[in-house]
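Engineer: got a sequence here, can you build the structure:
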Amino acid sequence: MGKLPIYHQIFLLLPKPKAFFVMRFLLLLFLAFSIVVCAQKAPAKFGEIPKEDMTMNVYPLDSSAAAVVLVDYGESIIKYTTGKGFQIVFERLRRVKILNKEGLKWAELSIPLYHDSDQEERISGMKVVTYNLENGKIQETKAKSESFINEKYDANLNFMKVAWPKVKEGSIIEITYKVTSDFLFNFQDWEFQTTIPTRWSEYRARIPEYFNYEKFMQGYARLSVNENEMSANSFTVNSIERSGGSSLSNPVTTSFNQNKIEYQESKCRWAAKDVPAFKPEPYMTASQDYVSRLNFELSFTNFSDKFSNPGIKRYMGSWEDINRAYWERVQKEIRGNNSLKSNVDQIIANAADPEQKVAAIFNFIRENVLWNGEYRKYPENLPKKTLEEKKGSSAEINILLASMLEKAQINVSPVLLSTRDHGFVRETMPVSTQFNYVVCLAKIGDKTYLLDATEKFLPLGMLPERCLNRNGFVVSEEGFQWVSLMPSTKTKTVIIADLNLAQTGELKGSLRIDKTGYNSAKARKAYLAKSEKEYIDEFAKSTSWTLSNSQFQNVKEMHLPFKEAHDVLISEHITEAGGTIYLNPFILTNKEENPFKAEKRIYPVDFQHPFDEMYIAKITLPEGYTLDELPKAKLLALPGNDAKYLYNTTQVGNTVSITSSLTINKALFSQDEYPNLREFYSQVIAKQAEQIVLKKK
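Structural biologist: All right, here's what the predicted structure looks like:
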């Protein structure tokens with residue numbers, strides 16, 4: 001998207017020429033907004049640093065804070081600039097106190113700058129200063145402009161990278177800058193919260209009635225100020241017209257005209273005080289899903305009431321619009337590229353049915369085209385070039401996959417999604433920028449397969465874990481639909497141990513580990529990334545075990561469980577005191593601490609996908625000892641069997657058998673479900689910590 005086509009509409013504001021004019025020559029047009037200064041004073045002025053902030057060593061509201069945002073103040077104004085049209089002017093002042101060494105990382109900042117074709121957001125007026133207290137006086141160190149680096153990120157985004165000079169513990173760093181943007185859809189969002197506490201965060205906006213933005217607040221920080229008022233404002237169109245000049249008796253005359261345009265302006269102010277640091281918790285998606293922030297999306301512009309032409313133009317559109325726009329952009333890549341047909345025919349030559357064709361093409365791309373690590377939803381290279389270069393972004397690889405499947409007469413559609421680190425998609429907000437990635441959906445009869453050929457160790461039909469983020473947006477010529485991104489294959493680990501306990505305290509026996517789903521992919525990737533010996537040595541080192549006679553199965557069969565078996569010798573696993581042996585029967589999989597430490601949680605728990613963990617152990621006890629204490633059986637379950645734990649023990653002669661089975665049946669638990677889930681894990685951990693007690697006869 002480029003600058004909105006507003007400028008040509010301004011000409012329609014000019015007064016119509018009178019009938020007697022022979023000609024009209026426009027010499028000058030300028031437009032000026034009448035600025036109404038907000039009644040509220042700015043919360044800070046650049047360079048005015050309170051002495052008490054310089055001497056602060058600890059932030060009183062969070063003694064653990066490595067740094068604190070003292071003030072973050074921004075304002076966005078939509079105004080008209082002669083010769084440029086309507087623009088967004090965003091100004092910001094940010095001041096941060098560095099409290100300890102860990103806080104030094106805050107002395108760097110990246111400012112996003114959008115660009116499209118020959119237009120780009122422009123940054124100006126940047127001042128970057130470090131303040132240090134030396135001999136009781138505040139010393140300033142200014143950053144030089146040549147230290148500001150503008151780096152390209154992708155086809156539409158650059159980052160201006162800034163680093164502060166002479167930063168140390170106790171420093172205050174401050175920055176101010178202005179960004180001028182022609183992209184009215186790209187109204188500046190605002191974060192009230194970050195990973196360090198914020199003493200004061202304030203954002204203001206002034207928006208003429210011609211522009212309608214949808215605003216939505218997210219996160220859990222309370223606003224101290226939330227104001228919105230409409231006020232009258234105006235701008236004046238000034239024009240100079242020349243007429244006559246056809247003869248000496250009809251000399252050139254000049255007329256000056258003014259046309260005052262009155263409009264309503266929305267003046268908004270939001271502020272938050274003493275915002276706590278955002279602290280990520282276990283099992284959650286991207287922090288931007290939960291950080292307290294204000295988001296803007298341009299819904300429509302409306303010049304109908306003030307301008308002489310009908311002027312309603314919609315920008316947010318609908319999911320139908322997004323489906324149509326994406327399909328129009330990629331359909332040629334998918335349905336074209338007929339030169340790929342010969343490659344496809346060779347790949348599927350031995351395929352007997354559509355499922356085998358899909359598998360053959362998927363495996364070919366997965367094994368022969370290297371993913372460069374870039375997340376993209378649009379390909380920059382054509383599929384044929386991606387195949388020739390044997391590498392590409394996620395979009396290039398998966399659009400190549402879609403194109404080759406189409407040549408094999410497979411019903412295939414691109415699926416837009418947001419990766420977990422990009423944030424979840426709000427289906428109530430039809431905005432394409434929520435997506436940053438594309439995969440494929442292949443349909444064969446009543447079966448569907450979600451496909452992503454970027455990962456070497458995932459089988460057909462399993463998306464990378466980074467893609468498991470609620471629902472995907474299926475794009476097609478017939479229309480869009482939503483599809484769950486959850487895998488159909490359950491991730492499971494089964495560990496079977498057959499051990500003998502010697503009187504010397506050593507456990508000796510066999511160990512078998514079977515892994516399916518994502519656990520299988522991770523183990524296979526770790527195994528193939530190094531030699532077998534290195535894999536075994538690393539496993540043994542992490543457990544202080546001695547392994548021998550190791551065997552592996554299904555190493556390269558991605559669709560089968562990854563299996564490994566070892567003979568093991570385990571020392572230092574028991575505790576002996578006064579003729580009593582204490583033995584924890586879990587040599588693997590036991591959970592030593594609860595990942596859910598917080599008593600209350602304000603974010604959902606997201607496990608990515610359901611999973612099972614099963615541990616079966618048979619332990620033969622040594623001669624001369626009797627079983628004194630054996631853990632009792634236990635069954636735990638959450639409502640609806642969303643999570644379940646089974647623990648069982650039996651004794652036959654001098655052999656003890658233990659079965660432990662943990663099942664998580666859904667990926668997402670709400671905040672309301674958190675207390676039960678936390679207690680469930682507490683009881684599982686307590687149970688797995690119980691020991692078998694043996695005594696000498």
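
Engineer: distance from stretch 251-269 to the middle of the chain?
Structural biologist: Stretch 251-269 has its C-alpha centroid displaced from the chain centroid by 45 Å (Cα atoms, centre = their mean, to the nearest Å).

Engineer: can you dump the C-alpha atoms of that stretch in CSV for me?
Structural biologist: Taking Å, rounded to 0.1, in the frame of the first residue of the first chain, the C-alpha atoms of stretch 251-269 are listed here in CSV:
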residue,chain,number,x,y,z
PRO,A,251,-5.6,42.6,-19.4
VAL,A,252,-4.7,39.8,-17.0
THR,A,253,-6.5,40.0,-13.7
THR,A,254,-5.6,38.2,-10.6
SER,A,255,-8.1,37.1,-7.9
PHE,A,256,-7.5,35.6,-4.5
ASN,A,257,-10.0,33.2,-3.1
GLN,A,258,-10.3,31.5,0.2
ASN,A,259,-12.5,28.5,1.2
LYS,A,260,-12.6,27.7,4.9
ILE,A,261,-13.3,24.0,5.6
GLU,A,262,-14.5,23.2,9.1
TYR,A,263,-14.3,19.8,10.5
GLN,A,264,-14.5,17.9,13.8
GLU,A,265,-11.3,16.4,15.3
SER,A,266,-11.0,13.6,17.8
LYS,A,267,-8.5,14.4,20.5
CYS,A,268,-7.6,11.3,22.5
ARG,A,269,-5.3,10.8,25.5
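
Engineer: what comes up buried for that stretch?
Structural biologist: Across stretch 251-269, burial judged by 16 or more other Cβ atoms under 10 Å covers 265, 266, 267, 268, 269. Any C-beta I mention is one placed from the backbone N, CA and C, and that applies to glycine too.

Engineer: now swap in stretch 557-570 and tell me
Structural biologist: If you call a residue buried by 16+ other Cβ under 10 Å, then stretch 557-570 has these buried ones: 558, 561, 562, 563, 564, 565, 566, 568, 570.

Engineer: tabulate the residues you listed (CSV), appending secondary structure and distance to residue 289.
Structural biologist: Converted to CSV, the buried residues of stretch 557-570 look like this (DSSP: H, G, I helix; E, B strand; the rest coil; distance: Cβ to Cβ, whole Å):
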residue, secondary structure, distance to residue 289
558, coil, 31
561, coil, 33
562, strand, 32
563, strand, 37
564, strand, 37
565, strand, 42
566, strand, 41
568, strand, 43
570, strand, 42
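
Engineer: what is the nearest of the residues you listed to residue 376?
Structural biologist: residue 558 (24.3 Å; Cβ to Cβ).

Engineer: quick one: contacts for the closest one?
Structural biologist: 457, 458, 459, 460, 521, 524 (Cβ atoms under 8 Å, 6 or more residues apart in numbering).

Engineer: tally of neighbours for the first one?
Structural biologist: By the measure other Cβ atoms under 10 Å, the count of residues near residue 457 is 21.

Engineer: so for it, what's the pLDDT?
Structural biologist: What the model reports as pLDDT for residue 457 is 95.

Engineer: ok, now how distant is it from residue 303?
Structural biologist: If you measure residue 457 against residue 303 using Cβ to Cβ, to the nearest Å, the figure is 55 Å.

Engineer: over to the third one?
Structural biologist: Relative to residue 303, residue 459 is positioned 55 Å away (Cβ to Cβ).

Engineer: next one: the fourth one
Structural biologist: Applying Cβ to Cβ, the value for residue 460 to residue 303 is 52 Å.

Engineer: over to residue 420?
Structural biologist: According to Cβ to Cβ, residue 420 and residue 303 sit 41 Å apart.

Engineer: which residues of the stretch 101-250 of the chain score low on pLDDT?
Structural biologist: For the stretch 101-250 of the chain, the stretches with pLDDT under 70 are 235-239, 244-249.

Engineer: surely residue 547 is in contact with residue 570?
Structural biologist: No: Residue 547 is beyond contact range of residue 570, at 10.0 Å (criterion: Cβ atoms under 8 Å).

Engineer: just the helices in the stretch 551-697 of the chain please.
Structural biologist: Here the stretch 551-697 of the chain has its helices, by DSSP state H, counting those that start in this stretch, at 674-688.

Engineer: can you tell me the SS state at residue 365?
Structural biologist: Secondary structure, DSSP: H, G, I helix; E, B strand; the rest coil: residue 365 is helix.

Engineer: okay, now it: neighbour count?
Structural biologist: Count around residue 365 with other Cβ under 10 Å applied: 22.

Engineer: and residue 481, by the same measure?
Structural biologist: Neighbours of residue 481 (other Cβ under 10 Å): 16.

Engineer: excluding chain neighbours, give the residue nearest to it in space.
Structural biologist: Once flanking residues are discounted, residue 481 sits nearest to residue 474: 4.7 Å by Cβ to Cβ, 6 or more residues apart in numbering.

Engineer: how much space between the one you found and residue 572?
Structural biologist: Noted for residue 474: a distance of 54 Å to residue 572, by Cβ to Cβ.

Engineer: what of residue 388?
Structural biologist: 56 Å.

Engineer: what does stretch 188-197 contact?
Structural biologist: Outside stretch 188-197, the residues touching it (Cβ under 8 Å, 6+ apart) are 59, 61-62, 65-69, 74, 76, 88, 90, 96, 103, 106, 179, 198, 201, 203, 219, 221, 223, 270, 272, 274-279, 287, 291-296.

Engineer: stretch 471-478 now?
Structural biologist: The contact list for stretch 471-478 (Cβ under 8 Å, 6+ apart) reads 319, 322-323, 326-327, 330-331, 413-417, 425, 427, 435, 439, 441, 450, 480-485.

Engineer: where do the strands of the stretch 451-600 of the chain begin and end?
Structural biologist: Taking DSSP state E, counting those that start in this stretch, the strands of the stretch 451-600 of the chain run over residues 471-474, 481-484, 491-501, 507-516, 545-553, 562-570, 574-577, 580-583.

Engineer: related to what we said a few turns ago, out of the contacts of stretch 188-197, which are buried?
Structural biologist: Taking 16+ other Cβ under 10 Å as the criterion, what is buried in the contacts of stretch 188-197 is 59, 65-69, 74, 76, 88, 90, 96, 103, 106, 179, 198, 201, 203, 219, 221, 223, 270, 272, 275, 277-278, 287, 291-296.

Engineer: having no further points to raise, I will conclude here.
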